[in-house]
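Peer 1: I'd like to go over a predicted model; first the sequence, then the structure.
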2 protein chains.
Amino acid sequence: MREGKATRKGPSAAVDPPVKSTGRRRGRPWSFDRAAALEKAMLIFWRHGYEATSLNDLTSAIGVAPPSLYAAFGDKKQLFLSAVERYLEVYGGGGAGIIQRAPTARDAVYELLHGAARGFTQPGRPRGCLLVNGAINLPEGADEIRDAMVALRSKVEKSLGGKLRAGIRSGELPRETDAAALAAFYLSVNHGMALMAQDGASRATLLAVADQAMRVWPGTRQAPRG
Amino acid sequence: MREGKATRKGPSAAVDPPVKSTGRRRGRPWSFDRAAALEKAMLIFWRHGYEATSLNDLTSAIGVAPPSLYAAFGDKKQLFLSAVERYLEVYGGGGAGIIQRAPTARDAVYELLHGAARGFTQPGRPRGCLLVNGAINLPEGADEIRDAMVALRSKVEKSLGGKLRAGIRSGELPRETDAAALAAFYLSVNHGMALMAQDGASRATLLAVADQAMRVWPGTRQAPRG
DNA sequence: TTGATAATTTAGTAAACGATAAACAATCAA
DNA sequence: TTGATTGTTTATCGTTTACTAAATTATCAA
């Protein structure tokens, strides 16, 4: 429970990324690749979480002084939210994208869980999920971040619920299926897998968890052995 | 990533709680109820997590000055671990206790999940689980805490796995049941429920999640509707 | 009453935190 | 070349962090 002042200053502040209108960008050019810097910041946040990541961790990993970081990304909160955006674009296939692209509701759930099992245990990457592990215990003043994360997580749940309801309408799922309960269940499994991954669970274990979860799918034959 | 010095000093340091031998306690008596203080500290840790809880939060909530807290409980890490102990005694019925007391393996799983759904959404208490939500994003120097938490969580998994294997031996579960996968699955659901609770999921939602998870139980009739 | 013991009060400590002021350097438009 | 613009460098800022030294106070044993 600390957090600094959070006053935003005058000039350009967190930059309008693409240059508007014609003509080249004015003033001194960036000395570093902003996309690469954001990638690095994202990885650090992913590994340590918002609160446990210090500005010093970020600036020294990126190789840049604090004022440059602030000019490029705004304060720590804004940087984190930008990092989350990038995470969703690059790694967060588990989000709404996969779900909506899946041909059937069952495929959506299957891809979500198995993609999570793989993504949460990718060698050379932080374990777990930035959306889940990155912002659990937030400092007092970080309500915007909490709200944003809750919103993003519930967006996945809603997207999944919508896909399930579509499956009900299409006849893929029985009419009496409780889509909300099923969506909440699969999201719980997804979140739990992220924590297990952080605790060191192997990819094989997480895939087994995903397989077990698939047996909840209505109509699944219930012979033992997962 | 901060954390102070963590040198332990000479005199009594974190106290041997019950007085040894005969005779009364010597020296000035405590000005506060240690058990009540620990309860308060535990609730704060539960609500905000280890890192996001400051010593000032603790001392001002308990109504005591830092040196008294240090004399009574040691440093922040020791206090947190003591708080976890207390949590497990008082609220952590979801732990190994419930599992081993349950008459059947299925009862163990059922009680674990439904107890979690209730316990994670108890009015007037922090949401979620101290073991899950309280120590996700830890600062750099808190390896002892991380290790302790990982050990405690895996203890539940092992206990559950043992109960499932006992169920296999007793004939309650088919011989081909993958006890490890099933235990990992149910633990994932438990952890996921803790996160969903922190995100605001209702007790009804969590109970529905628990019910869905029970359908994974080998031999469960698979009609739809959770 | 005296000495030993141990907790409390008061007032700090050094270090780390997020964030910034001011001077400087590099680019563009004119 | 000049002025405007904008990023970088350097050196902090004020706050909060976990933690503690020193003096004081309250109890027990003798």
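Peer 2: That came through fine.
Peer 1: what are the phi and psi values for residue A:215?
Peer 2: Main-chain torsions, residue A:215, degrees, to the nearest 10: phi -70, psi -10.
Peer 1: leaving aside the residues next to it on the chain, what's closest to it?
Peer 2: residue B:216 (5.0 Å; CB to CB, 6 or more residues apart in numbering or on different chains). (Glycine included, C-beta is placed from N, CA and C.)
Peer 1: Let me see the contact set for that neighbour.
Peer 2: Counting by CB atoms under 8 Å, 6 or more residues apart in numbering or on different chains, residue B:216 makes contact with A:212, A:213, A:215, A:216, B:182, B:185, B:186.
Peer 1: again with residue A:125
Peer 2: Applying CB under 8 Å, 6+ apart, we find residue A:125 in contact with A:43, A:46, A:91.
Peer 1: Go again with 6 Å.
Peer 2: Contact partners of residue A:125, counting by CB atoms under 6 Å, 6 or more residues apart in numbering or on different chains, are absent.
Peer 1: how near is it to residue A:118?
Peer 2: Taking CB to CB, to the nearest Å as the criterion, residue A:125 is separated from residue A:118 by 11 Å.
Peer 1: cool, residue A:85 as well?
Peer 2: 22 Å.
Peer 1: before we move on, back to that, among the contacts of residue B:216, who's most crowded?
Peer 2: With neighbours taken as other CB atoms under 10 Å in any protein chain shown, the top of the contacts of residue B:216 is residue B:185, carrying 30 neighbours.
Peer 1: Mind giving me the packing neighbours of the strand or helix carrying that residue?
Peer 2: Taking DSSP states H and E as the criterion, residue B:185 maps to helix B:179-198. In terms of contacts (3 or more CB pairs under 6 Å, 6 or more residues apart in numbering or on different chains; DSSP states H and E), helix B:179-198 is packed against helix A:179-198, helix A:203-214, helix B:105-119, helix B:130-133, helix B:143-170, helix B:203-214.
Peer 1: These: which one's closest to DNA strand D?
Peer 2: Between DNA strand D and the helices and strands packed on helix B:179-198, the tightest spacing by CB to the nearest atom of the strand is seen for helix B:143-170, at 11.3 Å.
Peer 1: what about stretch A:48-63, average pLDDT?
Peer 2: Stretch A:48-63 shows a mean pLDDT of 97.
Peer 1: That stretch and chain B in contact?
Peer 2: Yes: using CB under 6 Å from any CB of the partner chain, stretch A:48-63 reaches chain B at A:49, A:51, A:52, A:54.
Peer 1: Just the buried residues of that stretch, please?
Peer 2: Buried positions in stretch A:48-63, judged by neighbour count with 16 or more other CB atoms under 10 Å in any protein chain shown: A:48, A:49, A:50, A:51, A:52, A:53, A:54, A:57, A:58, A:59, A:62.
Peer 1: Fine by me, thanks again.
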